[in-house]
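Undergrad: Kindly return the folded structure for what I paste below:
(one chain, ligands or ions: 1)
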Amino acid sequence: MVEASRDTNADDEHDPEGATIAFERSQLDTLVQQAVRRLAEIEAALDRLAAGTYGVCERCGRPIPAERLEVRPEARRCVACG
Ligand SMILES: [Zn+2]
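TA: Next comes the predicted model:
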């Protein structure tokens, strides 16, 4: 079994499919990184919720509209502040 999978890996280097797999792999990496960043944003939002500053724009200090929080619950700024 180990020998067989080694052969498969060696073939990847010369197989045109190998490039496609590498491309998809890098796209997947990007997706994972985006998900990790988004998770960090959500965690920060939960921290603000606990601190009582959730839903307040970090730039102008005005409340972030509920509609915006519905679309982007992790939003730190109001629409005007981007
Ligand atoms: Zn603002």
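Undergrad: Stretch 50-61 and the ion in contact?
TA: Yes. Counting by Cβ under 5 Å from the ion, the ion has neighbours in stretch 50-61: Cys57, Arg59, Cys60. Any C-beta I mention is one placed from the backbone N, CA and C, and that applies to glycine too.
Undergrad: Do a quick rundown of the strands in this protein.
TA: For the chain, no strands are identified by DSSP state E.
Undergrad: interface residues of it facing the ion?
TA: Cys57, Arg59, Cys60, Cys78, Cys81.
Undergrad: most neighbours, which of the residues of stretch 50-61 next to the ion?
TA: Cys57 (19 neighbours; other Cβ atoms under 10 Å).
Undergrad: pretty sure that one is touching Gly82, no?
TA: No. Contact criterion Cβ atoms under 8 Å: Cys57 and Gly82 do not qualify, at 10.0 Å.
Undergrad: what mean pLDDT does the longest helix seen in the chain have?
TA: As assigned by DSSP state H, the longest helix anywhere in the chain is helix 16-51. The average pLDDT for helix 16-51 rounds to 92.
Undergrad: one step back: for the residues of the chain next to the ion, which two are the farthest from each other?
TA: The most widely separated members of these, counting by Cβ to Cβ, are Arg59 and Cys78 (7.7 Å).
Undergrad: Serialize the residues of stretch 50-61 next to the ion to CSV and add fields for pLDDT.
TA: Written out in CSV, the entries for the residues of stretch 50-61 next to the ion read as follows (pLDDT from 0 to 100):
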residue, pLDDT
Cys57, 96
Arg59, 96
Cys60, 97
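Undergrad: tell me which of the residues you listed is nearest to Asp29?
TA: Using Cβ to Cβ, the residues of stretch 50-61 next to the ion come closest to Asp29 at Arg59, 31.7 Å.
Undergrad: nearest residue to that closest one other than its sequence neighbours?
TA: Using Cβ to Cβ, 6 or more residues apart in numbering and skipping the chain neighbours, the partner closest in space to Arg59 is Cys81 (4.0 Å).
Undergrad: measure the one you found to Ala51 for me?
TA: The gap separating Cys81 from Ala51 is 19 Å, by Cβ to Cβ, to the nearest Å.
Undergrad: If you count surrounding residues, which of the two has more?
TA: Between Cys81 and Ala51, Cys81 has the larger neighbour count (other Cβ under 10 Å), namely 14 against 8.
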